[in-house]
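Asks: show me the folded form of this:
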Amino acid sequence: MSGEDHGLADLLAARRAKLERLRADGIDPFPHAFPGVEPLAAVTAAHADLEAGQETESAHRVAGRITARREAGRAAFIDLVDRSGRLQLHARVDELGDERFDRLVSLDLGDLIGVDGVAIRTRRGELSLRVSDYTLLAKSLRPLPDKHHGLSDLETRFRQRELDLIANEQARELFTTRARIISAVRAALDSDGFIEVETPVLQPIYGGALARPFTTHHNALDRKLYLRIATELYLKRCIVGGLERVYELGKDFRNEGLSPKHNPEFTMVEWYAAYSDYEDEARRLERVVAAAAAVAGEPAIDFSAPWHRLTLRDAIRQESGIDFAELREREALASAIRERRIPIETDGASWAKLVDELLSTCVEPKLQEPTFLFDYPVELSPFAKAHRTEPGYVERWEAFAGGIELANAFSELNDPDEQRARFVQQREQAAGGDDQTQPFDEAFLEALELGMPPTGGVGLGIDRLVMLLAGVSPIREVILFPAMRDR
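Replies: Numbering: from 1, shown residues only. Model prediction:
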């Protein structure tokens, strides 16, 4: 065992010994409750005008984790931290008595305590709570990360997020901001007449995106099921059923690679509005993101409307010099990519895949300001409605900011015969070896045959939205417990 391991073992043993002494003294180190607690920030706000050296008779009850302690003769100053912030405790022997004071200062960093006290402002000007009583709420049996060096190792931070949240105030603030962003997205859609619905996470046929699924087995039904890759098809069945404006905010799962902007388990909001098209939904996305930005502080990117607008064809032509509309054969497009030495693997890639790679390689990283790219080739979009004026294209846009894709939208295909033909095309691509195709979904086709009104639909990535609004990267920073490899 290394010296470091011996040191940790000694610390753990010392803390367990304290635990046993507490129990021997009749103190429950893990009581059931401590009602009536105020956030520390509320105490701070209530006495913002208190001057140095002033004392009050204002009593407060707070709780939190001990993160620092400084003894000064017959007094001690203790830093208490909760979700809302930090507050200094001022403990004195003449207030608590020798035994209670000694027990308080013998507690370990990381222990959770509840405190009753009155607000004062020390002569040095720091708001404090003079302790009149305290209760141990949970004995910490493991030491906290070093106060001065913090917790910086990415592997540890992501694998043991609770340590990250304890040690890093920025992490706590980030996930508080994430919660505010999600609430703002929901509120914006609710106020626009949408209703939130829930659709299956376990699906007999996965669909709504071109991606590989996670597979599982339902024992009671004795059948293979898939974790959903999107909520699209079920939500459009809700539109068929007459709900007219629906959204779902939840988890999707795609059994694919990891990158700074990809995680196999991620959070999306999809919404669908009857009697709408992709132009309407572009304007709605601007409003939804603006509402989220308003609660996120001061994002580095200005999401004010209107956002920039380009066609996909023009964007790729500007950045690569290639006009894919003039190169409709796979080999012609591949040759143009090779001639320009664009770093895209062309062998075996379909025409649609090459267009998508041109977008990802040449265009997407340069789209720093919020930008819509409109009008995609039909080959890239099996669920989008044919463009009303441009043959061979569909009414689809993708939205980008900060060099990443943020959202995707269609004027939704509602012709069941055309949808059936595209399913057949997808099935032929799968037979040719493409493992990222849309399976044939007869139940969805039967729903469309009942009649679906003209509909606009949007998928907005919540994790990426938080990344952009909070100014952090990679994507695992904004996911509380991202999937990790085995140790």
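Asks: read off the pLDDT value for Gly150.
Replies: Note for Gly150: predicted pLDDT of 54.
Asks: quick one, domains of the protein?
Replies: With domains defined by automatic domain parsing, the chain comprises 3-144, 169-307+369-478.
Asks: just say which of those is most tucked in.
Replies: Of the domains of the chain, the one with the most neighbours on average (mean count of other C-beta atoms under 10 Å) is domain 169-307+369-478, at a mean of 18. For glycine as for every other residue, the C-beta is placed from the backbone atoms N, C-alpha and C.
Asks: quick one on the thing from earlier: so which of the domains of the chain comes closest to Leu163?
Replies: domain 3-144 (8.0 Å; C-beta to C-beta).
Asks: now tabulate the domains of the chain in JSON lines and tack on distance to Glu331 and mean pLDDT.
Replies: Output for these, formatted as JSON lines (distance: least, C-beta to C-beta, whole Å; pLDDT from 0 to 100):
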{"stretch": "domain 3-144", "distance to Glu331": "59", "mean pLDDT": "95"}
{"stretch": "domain 169-307+369-478", "distance to Glu331": "15", "mean pLDDT": "94"}
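Asks: distance to Leu358 for those domains - can I get that in CSV?
Replies: Formatted as CSV, those follow (distance: least, C-beta to C-beta, whole Å):
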stretch, distance to Leu358
domain 3-144, 46
domain 169-307+369-478, 11
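Asks: wait, which of those is closest to Met484?
Replies: Of all the domains of the chain, domain 169-307+369-478 comes closest under C-beta to C-beta, at 8.7 Å.
Asks: residue closest to the middle of the chain?
Replies: A centroid search over the chain (C-alpha atoms, centre = their mean) returns Asp463, at 3.5 Å, as the residue closest to the centre.
Asks: so that one sits right up against Val478, yeah?
Replies: Yes: taking contacts as C-beta atoms under 8 Å, Asp463 lies within contact range of Val478: 5.4 Å.
Asks: so what sits against both of those two?
Replies: Shared contacts of Asp463 and Val478 (C-beta atoms under 8 Å, 6 or more residues apart in numbering): none.
Asks: show me what the strand or helix carrying Gln426 is in contact with.
Replies: Secondary-structure assignment from DSSP states H and E places Gln426 in helix 416-431. By C-beta under 8 Å, 6+ apart, the list of residues contacting helix 416-431 from outside reads 350, 382-383, 386, 413, 437-441, 444-445, 448-449.
Asks: next one: stretch 113-120
Replies: Contact with stretch 113-120 is made by 34, 37, 43, 46-47, 50, 54-64, 66, 80, 89-90, 104, 107, 127-137, as judged by C-beta under 8 Å, 6+ apart.
Asks: ok, 6 Å please
Replies: Stretch 113-120 has contacts (C-beta atoms under 6 Å, 6 or more residues apart in numbering) with 34, 47, 55-56, 58-59, 61-63, 128-137.
Asks: ok now stretch 348-356, how far from the chain's centre?
Replies: 30 Å (C-alpha atoms, centre = their mean, to the nearest Å).
Asks: re earlier: next up, identify which helix or strand the residue nearest to the centre of the chain is on.
Replies: helix 462-470.
Asks: run through who's touching that helix.
Replies: 174, 177-178, 181, 266-267, 293, 296, 299, 301, 401-402, 404, 406, 473, 475, 478.
Asks: would you mind extracting the C-alpha trace of the longest strand along the chain into PDB?
Replies: Counting residues, the longest strand in the chain under DSSP state E turns out to be strand 55-72. Extracted in PDB, the C-alpha atoms of strand 55-72 (Å, rounded to 0.1, in the frame of the first residue of the first chain):
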ATOM      1  CA  GLU A  55     -25.700  42.700  16.200                       C
ATOM      2  CA  THR A  56     -29.400  41.900  15.800                       C
ATOM      3  CA  GLU A  57     -32.000  39.800  17.600                       C
ATOM      4  CA  SER A  58     -33.000  38.200  14.300                       C
ATOM      5  CA  ALA A  59     -33.000  34.400  14.800                       C
ATOM      6  CA  HIS A  60     -32.400  32.000  11.900                       C
ATOM      7  CA  ARG A  61     -32.300  28.300  11.400                       C
ATOM      8  CA  VAL A  62     -29.900  27.100   8.700                       C
ATOM      9  CA  ALA A  63     -28.200  23.900   7.600                       C
ATOM     10  CA  GLY A  64     -25.300  22.900   5.400                       C
ATOM     11  CA  ARG A  65     -21.900  21.300   5.100                       C
ATOM     12  CA  ILE A  66     -18.800  22.500   7.100                       C
ATOM     13  CA  THR A  67     -16.100  23.500   4.600                       C
ATOM     14  CA  ALA A  68     -13.600  25.400   6.800                       C
ATOM     15  CA  ARG A  69     -12.900  26.100  10.500                       C
ATOM     16  CA  ARG A  70     -10.700  28.700  12.300                       C
ATOM     17  CA  GLU A  71     -10.300  28.700  16.000                       C
ATOM     18  CA  ALA A  72      -9.600  31.800  18.000                       C
END
